[in-house]
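Engineer: any chance you can model this:
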Amino acid sequence: MARGQSKHYKQSAELFDRQMQYDLAEAVGILKKMPTRKFDETVEITFRLGVDPRQADQLVRGTVVLPNGLGKSVCVVVFAKGDPAAAAEEAGADFVGAEDLVEKVNGGWTDFDVAISTPDMMGQVGRLGRVLGPRGLMPNPKSGTVTPDAGRAVQEAKAGRVEYRVDKSANVHTPIGKASFDEQRLFENAQALIDAVVRARPSSAKGQYLRSVTLSTTMGPGIRLDRSALSSN
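Structural biologist: Next comes the predicted model:
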């Protein structure tokens with residue numbers, strides 16, 4: 001047992017062969033056999049992609065609505081006026097505002113999970129880059145959070161829409177639910193994310209796209225997925 005590895009980690013690692021690759025259903029089954037902790041761990045998938053993030057045409061980024069959500073309530077704020085603001089409120093947004101909301105966030109308030117803006121508000125919301133940017137909360141058209149259809153964006157965020165984005169090391173880390181989810185819910189969420197990332201392959205990417213795909217809990221060992229079964233060619 002390596003220094004820093006907990007008893008839970010060691011017990012989890014003994015359930016499978018770290019060198020093998022498993023199909024998704026097998027991997028989810030192994031994960032569900034792992035000992036539970038005192039808190040409900042997040043389950044995530046990590047992709048190592050065959051892309052060069054330094055090239056603008058090889059940035060892999062998008063959103064996907066997980067069919068079973070993330071297992072937590074999502075606090076959504078919307079920067080909007082008029083009809084879009086009313087639609088956002090009707091869809092269940094937690095906070096909706098225009099100049100008043102911009103000033104509140106500019107003062108340092110970031111107690112929310114998702115920020116959505118209509119295009120006409122981005123002139124003012126753009127000033128919040130220093131507050132929202134470091135926290136990954138800045139609305140962006142590519143992630144579907146800058147849109148005239150604020151109501152729909154709120155519905156998707158509340159339903160479990162997650163953003164995936166390649167980092168500078170060509171990795172993508174994205175949550176797909178909680179360890180308390182049953183196997184079917186985890187499988188369906190994982191499949192939805194995998195399908196989305198596969199579809200997002202840049203046309204300029206050469207060679208093998210999915211270099212490795214790993215399923216894990218917050219503090220557990222990674223289970224390697226069989227890339228040949230994930231449409232990775």
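Engineer: for N233, give me the pLDDT.
Structural biologist: Predicted confidence (pLDDT) at N233: the value is 39.
Engineer: same check, this time on A2
Structural biologist: 43.
Engineer: ditto for G160
Structural biologist: Per-residue pLDDT puts G160 at 85.
Engineer: what does K72 give?
Structural biologist: Confidence at K72, expressed as pLDDT, is 80.
Engineer: got a list of what it touches?
Structural biologist: Going by Cβ atoms under 8 Å, 6 or more residues apart in numbering, K72 touches K178. Any C-beta I mention is one placed from the backbone N, CA and C, and that applies to glycine too.
Engineer: now I194
Structural biologist: Taking Cβ under 8 Å, 6+ apart as the test, what I194 contacts is 24, 45, 213, 230.
Engineer: before we move on, which element is it in?
Structural biologist: Under the criterion of DSSP states H and E, I194 resides in helix 183-199.
Engineer: top of the contacts of I194 by neighbour count?
Structural biologist: Neighbour counts for the contacts of I194, by other Cβ atoms under 10 Å, peak at V213, which reaches 27 neighbours.
Engineer: list the buried ones in the helix holding I194?
Structural biologist: 185-194, 196-198 (16 or more other Cβ atoms under 10 Å).
Engineer: equivalent analysis for stretch 204-216, please.
Structural biologist: Buried positions in stretch 204-216, judged by neighbour count with 16+ other Cβ under 10 Å: 205, 209-210, 212-216.
Engineer: surely P139 meets V77?
Structural biologist: No. Judged on Cβ atoms under 8 Å, P139 makes no contact with V77 at a distance of 9.7 Å.
Engineer: shared neighbours, the two?
Structural biologist: Joint contacts of P139 and V77 (Cβ under 8 Å, 6+ apart) are 115-116.
Engineer: closest one of the buried residues of stretch 204-216 to L225?
Structural biologist: L225 has its nearest neighbour among the buried residues of stretch 204-216 in V213, at 4.3 Å by Cβ to Cβ.
Engineer: quick one: residues contacting that closest one.
Structural biologist: For V213, the contact set (Cβ under 8 Å, 6+ apart) comprises 45-48, 194, 224-225, 227, 230, 232.
Engineer: which strand or helix spans it?
Structural biologist: Under the criterion of DSSP H and E, V213 resides in strand 210-217.
Engineer: parallel or antiparallel, list what pairs with that strand.
Structural biologist: Strand 210-217 has the following strand partners under DSSP bridges: strand 42-49 (antiparallel), strand 223-224 (antiparallel).
Engineer: what does the helix or strand containing L31 rub up against?
Structural biologist: If you go by DSSP H and E, L31 is part of helix 24-33. With contact meaning Cβ under 8 Å, 6+ apart, helix 24-33 is reached by 15-16, 22, 43, 179, 182-183, 186-187, 190-191, 194, 215-217, 220, 223, 225, 229-230.
Engineer: how about 7 Å then?
Structural biologist: Under the criterion Cβ atoms under 7 Å, 6 or more residues apart in numbering, residues 15-16, 22, 43, 183, 186-187, 190-191, 215, 217, 223, 225 lie in contact with helix 24-33.
Engineer: which one of those residues is nearest to D167?
Structural biologist: When those are ranked by distance to D167 (Cβ to Cβ), L215 comes first, at 18.4 Å.
Engineer: just checking, that closest one touches I45?
Structural biologist: Yes. L215 is within contact range of I45, at 5.6 Å (criterion: Cβ atoms under 7 Å).
Engineer: wait, what's in contact with K158?
Structural biologist: 74, 76, 92.
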